[in-house]
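Engineer: Got a sequence here, can you model it:
(chains A and B)
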Number of protein chains: 2
Amino acid sequence: MKFLSIEDISKANERVASLVHKTPIFTSSLLNQWMGHELYFKAECMQKIGAFKARGACNTVAWLLENNEKPKHIVANSSGNHAQAVAWAASRFGIPSTIFMPAYSSKVKIQATKSYGAEVILCETRAVVDEKVKLASEEEGTCWIPPFNHDQVIAGQGTAAYEAIEEVGEVDGVFAPCGGGGLLSGTWVASRGLAPKASVIGAEPLNANDAAQSLRMNSIQKLQSVPDTLADGAMTIAVGDLTFEYLKQLDDFYEIEESRIRYWTQWLTHLLKVRVEPTSAMAMEAAFRWLSKQTSKKRALVILSGGNIDQETSLKIWKDNCLDEVPRL
Amino acid sequence: MKFLSIEDISKANERVASLVHKTPIFTSSLLNQWMGHELYFKAECMQKIGAFKARGACNTVAWLLENNEKPKHIVANSSGNHAQAVAWAASRFGIPSTIFMPAYSSKVKIQATKSYGAEVILCETRAVVDEKVKLASEEEGTCWIPPFNHDQVIAGQGTAAYEAIEEVGEVDGVFAPCGGGGLLSGTWVASRGLAPKASVIGAEPLNANDAAQSLRMNSIQKLQSVPDTLADGAMTIAVGDLTFEYLKQLDDFYEIEESRIRYWTQWLTHLLKVRVEPTSAMAMEAAFRWLSKQTSKKRALVILSGGNIDQETSLKIWKDNCLDEVPRL
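Structural biologist: Below is the predicted model:
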């Protein structure tokens, strides 16, 4: 397999720059004081549709057009951010889209996907969703945009770290969460190109550690059941064959306990005043662990992947008080 | 009484511009689509110390220095954002500060106030707090910065709307919440100066409606007991004699039910991806009611006052699901 290059990310960046938000980078002087390091947070929760996924979907459609492969119809299957991202990107380019979603998806995500202009087809189970999207994709002129295992999706997701490092300058560590591995793969390519000395480190829930297990076994492992984790953006059953190759290149990979996911979700929300998905909070815990081993002052870039959280998850996040215990190294 | 002029706000803005954040203005394309109007949100939750209060405290200290009245010591009494604001502003100018706080203040606010460099003195009751700060302020060279009833505090708070209108341009309505009335007073002065045709409208909890009652009775009314409201930034017992005069000038003033405070706190958090204090959400409900009466497309500026929320309040915000009911006019 041939890895993407920094030129691929740079080209993706040119494609999406005028369409997606250049998201802000936030810092917390209190957190930096407590940590003794400099932390930079790339707030992809402020991205179009509320998550980095807008980048990959947008880049993929733009790349198809660039290659004179304008689809008549775009389809995707998702219960979450990818659904909204594809609906938004398709409509941005004036292409009709159909999104297949499980009927148990949150109303607010179904509503948003429709508002971005997609036809939404609700299916009873995830299996039916996957079957129907496959069938639909066989229609002539139809393009199926997958959530992570695709070069142009990976290149698009990499533009978040690309933008961030261009703005922040040299960093010593870059941290991102792992669901299917698309964000982390693109982040690795961007970091290797723009900050070659930086460690690039991933994080996934201990309760949904298929990627960590895959790395240990050196072959892709699948979760056997729906995992019990607050980090609903990292519940993907397995990484892809493309993204797995990137994950093998990482400098480290941490498995995060639920209590630490809740802890950082509360603290980052409190300190940065942005909506932080529990999935994003895992990247902070990875940074925390890595920083705790450093002997000199470091600059760490944490990719906050998104901020779409339903009410039920919000309630779970805040059920115990973590704010009495100040984060200190 | 002489009202502040737009020049007073402009001068305050010059004083604080390099010290406070120029906070971002957020919009939501979904919300604008649903409302049929253009809404601009000034995100003071992203301000230093997480609330607009940093502006008033900073302006007051800078104004003292400008008038060669550098205090040796600054004191304040507060259980909330004003405590942190004064601690931060004093330390920014290298002046020692002592903040008197009720012992029941949230640990996270006490911790933050200390981290900004203040000495914190915890007192058993609010009455003791108020007594001690008064005593302390009688020491020679000591300056007591009040939370709202002070020209320079009002001028400082007005810089939020000033900055926002300079950035957004002409607006038809400006909306801010009312606690002691400092933010609303400054907002009125800034709006009259920069957007003279705009309606300026305030909002307070129906459960803590001392300002609305005062306006109806044409004299300052005091709450008789601690009010039961989610909007903890608007629990002030009474407005001040200065701020009351400004409140009388407003184009309208709404009393907001708890269910609507919760509704907009959830929706603004969800759509804008920022931490929205319930107090701020009241300004959105005011905008919603005002917009519902308009017959042509309007541009509304909503001042989101802050984003400091403890865990207990977070839990109350999310206990029911408001996200299934899409906001529509």
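Engineer: residue ranges for the strands of the stretch 1-150 of chain A, please.
Structural biologist: A:25-26, A:38-43, A:73-77, A:97-102, A:119-123, A:142-144 (DSSP state E, counting those that start in this stretch).
Engineer: Select, out of the ones you listed, the one closest to B:T27.
Structural biologist: strand A:38-43 (15.7 Å; Cβ to Cβ). Heads up, the C-betas are built off the backbone N, CA and C, glycines and all.
Engineer: Serialize the strands of the stretch 1-150 of chain A to JSON lines and add fields for mean pLDDT, distance to chain B and mean neighbour count.
Structural biologist: Shown next, in JSON lines, are the strands of the stretch 1-150 of chain A (pLDDT from 0 to 100; distance: least, Cβ to the nearest Cβ, whole Å; neighbours: other Cβ atoms under 10 Å in any protein chain shown):
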{"stretch": "strand A:25-26", "mean pLDDT": "96", "distance to chain B": "8", "mean neighbour count": "18"}
{"stretch": "strand A:38-43", "mean pLDDT": "98", "distance to chain B": "8", "mean neighbour count": "24"}
{"stretch": "strand A:73-77", "mean pLDDT": "96", "distance to chain B": "19", "mean neighbour count": "25"}
{"stretch": "strand A:97-102", "mean pLDDT": "96", "distance to chain B": "16", "mean neighbour count": "24"}
{"stretch": "strand A:119-123", "mean pLDDT": "96", "distance to chain B": "14", "mean neighbour count": "17"}
{"stretch": "strand A:142-144", "mean pLDDT": "97", "distance to chain B": "25", "mean neighbour count": "17"}
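Engineer: got those as a markdown table, with distance to A:G182 columns?
Structural biologist: Output for the strands of the stretch 1-150 of chain A, formatted as a markdown table (distance: least, Cβ to Cβ, whole Å):
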| stretch | distance to A:G182 |
| --- | --- |
| strand A:25-26 | 21 |
| strand A:38-43 | 16 |
| strand A:73-77 | 13 |
| strand A:97-102 | 18 |
| strand A:119-123 | 22 |
| strand A:142-144 | 15 |
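Engineer: Show me what counts as buried in stretch A:277-293.
Structural biologist: By 16 or more other Cβ atoms under 10 Å in any protein chain shown, the buried positions in stretch A:277-293 come out as A:277-291.
Engineer: Cross-reference the residues you listed with the helices and report the matches.
Structural biologist: Using DSSP state H, the members of the buried residues of stretch A:277-293 that fall in helices are A:278-291.
Engineer: A:N207: how many residues sit nearby?
Structural biologist: The tally of other residues near A:N207 (other Cβ atoms under 10 Å in any protein chain shown) stands at 18.
Engineer: can you check A:E66 too?
Structural biologist: With other Cβ under 10 Å as criterion, A:E66 counts 11.
Engineer: I'd like the distance between it and A:K48.
Structural biologist: Going from A:E66 to A:K48 by Cβ to Cβ, to the nearest Å gives 20 Å.
Engineer: any idea how far A:S259 is from the residue in the stretch 51-200 of chain A that chain B sits nearest to?
Structural biologist: Residue nearest to chain B within the stretch 51-200 of chain A: A:V108 (4.5 Å; Cβ to the nearest Cβ). Here the criterion is Cβ to Cβ. By it, A:V108 lies 27 Å from A:S259.
Engineer: List the residues that contact A:L122.
Structural biologist: A:101-103, A:105, A:110 (Cβ atoms under 8 Å, 6 or more residues apart in numbering or on different chains).
Engineer: which SS class is A:L301?
Structural biologist: Following DSSP: H, G, I helix; E, B strand; the rest coil, the label given to A:L301 is strand.
Engineer: Give the bridge partners for it, please.
Structural biologist: Beta bridges link A:L301 to A:Y40, A:V174 when assigned by DSSP bridges.
Engineer: quick check, distance from the helix or strand of chain A with the lowest mean pLDDT to the centre of its chain.
Structural biologist: Lowest mean confidence among the helices and strands of chain A (mean pLDDT, DSSP states H and E): helix A:107-115, at a mean of 88. In terms of Cα atoms, centre = their mean, to the nearest Å, the centre of helix A:107-115 is set 19 Å apart from its chain centre.
Engineer: Dump it to CSV, restricted to CA.
Structural biologist: Extracted C-alpha coordinates of helix A:107-115, given in CSV (Å, rounded to 0.1, in the frame of the first residue of the first chain):
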residue,chain,number,x,y,z
LYS,A,107,-34.0,12.5,16.3
VAL,A,108,-31.8,15.6,16.3
LYS,A,109,-29.3,13.9,14.0
ILE,A,110,-32.0,12.7,11.6
GLN,A,111,-33.5,16.2,11.6
ALA,A,112,-30.1,17.8,10.9
THR,A,113,-29.4,15.4,8.1
LYS,A,114,-32.7,16.3,6.5
SER,A,115,-32.1,20.0,7.0
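Engineer: That helix vs strand A:73-77, what angle?
Structural biologist: Here helix A:107-115 points in a direction 170 degrees away from that of strand A:73-77 (axes from the mean of the first three to the mean of the last three Cα atoms, to 10 degrees).
Engineer: just checking, what packs against helix A:107-115?
Structural biologist: Judged by 3 or more Cβ pairs under 8 Å, 6 or more residues apart in numbering or on different chains; DSSP states H and E, helix A:107-115 is in contact with helix A:81-92, strand A:97-102, strand A:119-123, helix B:29-35.
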